[in-house]
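1. need the 3D shape of this:
(2 chains)
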Amino acid sequence: MSVPSAIQQKLRRALEEGEAAAAEGSVREAIQAGIDPVEIIEGILIPTLTAIGDRFQEGQIFLPELMMAGKAAEASSKPLTEAIVARGGSSTSKGKVIVGTVQGDIHDIGKNIVVTILRANGFEVLDLGRDVSPSGFVDAAKQHAPDIIGMSSLMTTTRPYVQATLNLFRDVALRDRFRFLVGGGCVTEAWANEIGADGYAPDAASAAALCKQLMRD
Amino acid sequence: MRSNWLVEIVKRAQSGPFMKEEDFDLGVAKRIRELVKEKGIRFDPGTLVPSDDDLADRVFQAGLQLFVEWGAYCQSTERCIRFTLGEVQDILKHVPSEVHLGTGKDAVVMRHRGVEDPRPAVMHSGPTGTPASERYHPLILLSCAQEPLVDCLGAGSVSTYLGEQILPGTPLEILGARRDAAVAREAVRMAGRPGMHINDVAVPLTCAGKMSAFDPEAGLRRSDAILVAQMVELKTNFDQLSRVAHLYNLGAITVDLMTPLIGGIGGGAEGTAVVSVADHLLGAVLYDADYHMFSHTHIRFVNNTDPMGLWCQAVVGQALARNTGMITLNDIYTVSGPGTKELLYECAAGAVVGTVSGFNMQGAGTTGGFNRDHTTGLEARFIAEVSRAALGLSRQAASALAGELLHRYEASLARPNRGHPFPEVYDENTVQPRQQWLDLYHTVKEELVLLGLKCDYEPRPAAPQGGNR
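-> Prediction:
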């Protein structure tokens, strides 16, 4: 059963306007109407949030709109997860990603944008926050077993901690268990290759595309 | 510094309203949107420098209201540090409106500048915002310090120490900070200006690193400064506040550094202008800053020479010039690099807009900070000359001129020409610009003259004697 157009419109508008309560309400309404939660995610949530991410990338909307859409999506995810579990299903995640800003770097706006865009694209994201030590990444990776680990550094002065983190994963023989993406103001593709990362993303949209590609590989 | 004020700030940082950082961000973002609407603040890309005093005052009132309602977020305690309107207004009555920078014959007085102020702006330069290599850092600093119209020097940032990457919080950070301070001190000495004010050593990221840059013989002195940063938007932490404590006790100069993002928490140009005013108030109230460095940049291109960046600069400058006695500095950030005409157009636009809007000058942060060693003293000379030439311009004339300049580089914003590194545009032995870079400089200068700007060199009047304010 497809989502009735009135509910579709309501949910899209709620996401676009960042209305968390309205988004959650629309999702509950759809579930009560017997709509498959996976259909809601695949048919409405992901395309709407992807479009919002694209508009941000093109400078048509700004960070507050993106953040509020992210919060609305987060509010919607609770009833969706409940409904999927109730139907005997499991996660619809496209993959699990751990993201953090490396040690010494307290700038996290860029990383937050990446988190929002990845979630919008259907990834399960664990945000470790900023100023994350190399062992913090390792501990989180051991505990949560992600598919991909993303590290961000804005400044040249904190960039060495990206390499230090990768080195620690090598030292504890976990390097080959995960895919590593790097990005941030001071990171370049050449440097990412030099340190042996699996991918470099210059912006949030590229990060999402790269994560999808890595999950396919 | 107000006596024992930091004690009160630390107390409020531990007792203010608790809030998760994400909720602070969202709350501030929503309130900015409401204030922009309530105050009728509108960005007009056709008027880069508005001449509307009422608009400037409304932006100031919106920023003041935002700061009083939300205060500053302390990341160390996850609490808001808030102040009453009366407290903020009282502090604003007593902010420094002039400060003596440097010592002896090289000292300058940097003042609060008004809108369309006929008095020259003080010029800061150095590789602030553009990383430098160990090899070229001393030459880049000298190229800036030797420029006659440059008054103050920023020591910039070098990310290695004897070829080893400097990790923050390690001994190499201390060694790197002390080396960069010594290199800056040597650069001003070699330029024959040993007392020139040095406005920061950028490599250290910790308070300990910043403190280690002070050394009366071979590093920073009381007549110099370090930057105390805010995190976007309206955020601080105990490491930053500890820098204030050190500067306060030492008697050195405190610079409030803010880096508002256009397209970030503030949203578009209007909201970024509002939060930028609030950021300046944070610097006055929490840091008791001697002067304020306004380094707003576009969230994607990391510059402030696009239409939103220039408009924001104009409106924020005027708002603060008209409603406070603060000493403000606009930090010109470009997408282009040395050896290109685009860099000079971008610098000129920033200098014209900032000069008529009440700012002192700093620049240039080239290539959005992406390309190492892509910075030289010539663009600093150019900014200073354009700023001098813009004295006496009306805001309307400045707006038209900035629009004409923008037309000449706007296409390059999305596809920047990063230019060339220092050794390709300067002679390493003489530390003078190579002919090709000089030719471009003269060409663009001639274009500016044709646009009606009189780019003549005028030596600065004799500087006052003495050290700190």
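2. contacting residues for residue A:199?
-> Residues in contact with residue A:199 (CB atoms under 8 Å, 6 or more residues apart in numbering or on different chains) are A:179-182, A:192, A:210, A:213-214. Where you see a C-beta, it was placed from the backbone N, CA and C, and this is true even at glycine.
3. so which of those wins on neighbours?
-> Per-residue neighbour counts (other CB atoms under 10 Å in any protein chain shown) across the contacts of residue A:199 peak at residue A:182, which has 27 neighbours.
4. report pLDDT for that one.
-> Model confidence at residue A:182, given as pLDDT, is 94.
5. which of the three states applies to it?
-> strand (DSSP: H, G, I helix; E, B strand; the rest coil).
6. list the contacts of it.
-> Counting by CB under 8 Å, 6+ apart, residue A:182 has contacts A:150-153, A:162, A:192, A:195, A:197, A:199-201.
7. repeat the analysis, applying 10 Å as the threshold.
-> Residue A:182 makes contacts with A:102, A:149-153, A:159, A:162-163, A:165-166, A:188-189, A:191-192, A:195, A:197-201, A:207, as judged by CB atoms under 10 Å, 6 or more residues apart in numbering or on different chains.
8. kindly report the same for residue B:173.
-> A:104, A:157, B:161, B:166-167, B:203-206, B:208-210, B:212.
9. export the longest helix along chain A as CSV, just CAs?
-> The longest helix of chain A (DSSP state H) is helix A:63-86. Taking C-alpha atoms only, helix A:63-86 is exported to CSV below (Å, rounded to 0.1, in the frame of the first residue of the first chain):
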residue,chain,number,x,y,z
LEU,A,63,22.5,25.4,8.1
PRO,A,64,19.5,26.1,10.4
GLU,A,65,17.1,24.7,7.8
LEU,A,66,19.3,21.6,7.4
MET,A,67,19.6,21.2,11.2
MET,A,68,15.9,21.5,11.8
ALA,A,69,15.1,19.0,9.0
GLY,A,70,17.6,16.7,10.6
LYS,A,71,15.8,17.0,14.0
ALA,A,72,12.4,16.4,12.3
ALA,A,73,13.8,13.3,10.6
GLU,A,74,15.1,12.1,14.0
ALA,A,75,11.7,12.6,15.6
SER,A,76,10.2,10.5,12.8
SER,A,77,12.6,7.7,13.2
LYS,A,78,11.3,6.5,16.6
PRO,A,79,7.8,5.4,15.4
LEU,A,80,9.3,4.0,12.2
THR,A,81,11.7,1.8,14.1
GLU,A,82,9.0,0.7,16.5
ALA,A,83,6.8,-0.2,13.5
ILE,A,84,9.5,-2.1,11.7
VAL,A,85,10.3,-4.1,14.9
ALA,A,86,6.6,-4.8,15.5
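10. next secondary structure element downstream of that helix?
-> strand A:96-101 (DSSP states H and E).
11. from the chain's centroid, how far away is the helix or strand bottoming out on mean pLDDT in chain B?
-> Sorting the helices and strands of chain B by mean pLDDT, DSSP states H and E puts strand B:164-165 at the bottom, at a mean of 90. In terms of CA atoms, centre = their mean, to the nearest Å, the centre of strand B:164-165 is found 28 Å from the chain centre.
12. tally of neighbours for residue B:352?
-> Neighbour tally, residue B:352, other CB under 10 Å: 31.
13. picking that back up, run through the neighbouring helices and strands of the longest helix of chain A.
-> helix A:5-16, helix A:20-32, helix A:37-40, helix A:46-57, helix A:109-120, helix B:21-38 (3 or more CB pairs under 10 Å, 6 or more residues apart in numbering or on different chains; DSSP states H and E).
14. can you lay out those helices as a markdown table showing distance to residue B:296 and mean pLDDT?
-> Below are the helices and strands packed on helix A:63-86 laid out as a markdown table (distance: least, CB to CB, whole Å; pLDDT from 0 to 100):
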| stretch | distance to residue B:296 | mean pLDDT |
| --- | --- | --- |
| helix A:5-16 | 27 | 90 |
| helix A:20-32 | 30 | 92 |
| helix A:37-40 | 40 | 86 |
| helix A:46-57 | 19 | 86 |
| helix A:109-120 | 13 | 84 |
| helix B:21-38 | 14 | 95 |
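15. okay if I get those helices as a markdown table plus mean neighbour count and distance to residue B:125?
-> As requested, those are exported to a markdown table (neighbours: other CB atoms under 10 Å in any protein chain shown; distance: least, CB to CB, whole Å):
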| stretch | mean neighbour count | distance to residue B:125 |
| --- | --- | --- |
| helix A:5-16 | 18 | 45 |
| helix A:20-32 | 20 | 47 |
| helix A:37-40 | 19 | 56 |
| helix A:46-57 | 19 | 34 |
| helix A:109-120 | 25 | 28 |
| helix B:21-38 | 18 | 33 |
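16. looking at these, which is nearest to residue B:368?
-> helix A:109-120 (13.3 Å; CB to CB).
17. need the next SSE after the closest one, C-terminal direction.
-> strand A:124-127.
18. what are the buried residues along that next one?
-> Within strand A:124-127, the residues that qualify as buried are A:124-127, counting by 16 or more other CB atoms under 10 Å in any protein chain shown.
19. list the neighbouring strands of it plus their orientation.
-> Sheet pairing for strand A:124-127, assigned by DSSP bridges, gives strand A:96-101 (parallel).
20. and the strand it pairs with, how far out from the chain middle?
-> For strand A:96-101, the distance to the chain centre is 8 Å (CA atoms, centre = their mean).
21. what's the answer for stretch B:343-359, then?
-> For stretch B:343-359 - counting by CA atoms, centre = their mean - the centre lies 13 Å from the chain centre.
22. that one - what's its average pLDDT?
-> Mean predicted confidence for stretch B:343-359 is 98.
23. export that stretch to CSV, keeping only CA atoms.
-> What follows is stretch B:343-359, C-alpha atoms only, in CSV (Å, rounded to 0.1, in the frame of the first residue of the first chain):
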residue,chain,number,x,y,z
LEU,B,343,43.2,38.5,-5.4
LEU,B,344,43.7,42.2,-5.8
TYR,B,345,40.1,42.8,-6.8
GLU,B,346,38.9,40.9,-3.8
CYS,B,347,41.3,42.7,-1.4
ALA,B,348,40.2,46.1,-2.9
ALA,B,349,36.5,45.3,-2.4
GLY,B,350,37.1,44.2,1.2
ALA,B,351,39.2,47.3,1.9
VAL,B,352,36.7,49.8,0.4
VAL,B,353,33.7,48.3,2.2
GLY,B,354,35.5,48.0,5.5
THR,B,355,37.1,51.4,5.5
VAL,B,356,33.8,53.3,5.1
SER,B,357,32.0,51.0,7.5
GLY,B,358,34.2,51.8,10.5
PHE,B,359,36.8,49.0,10.5
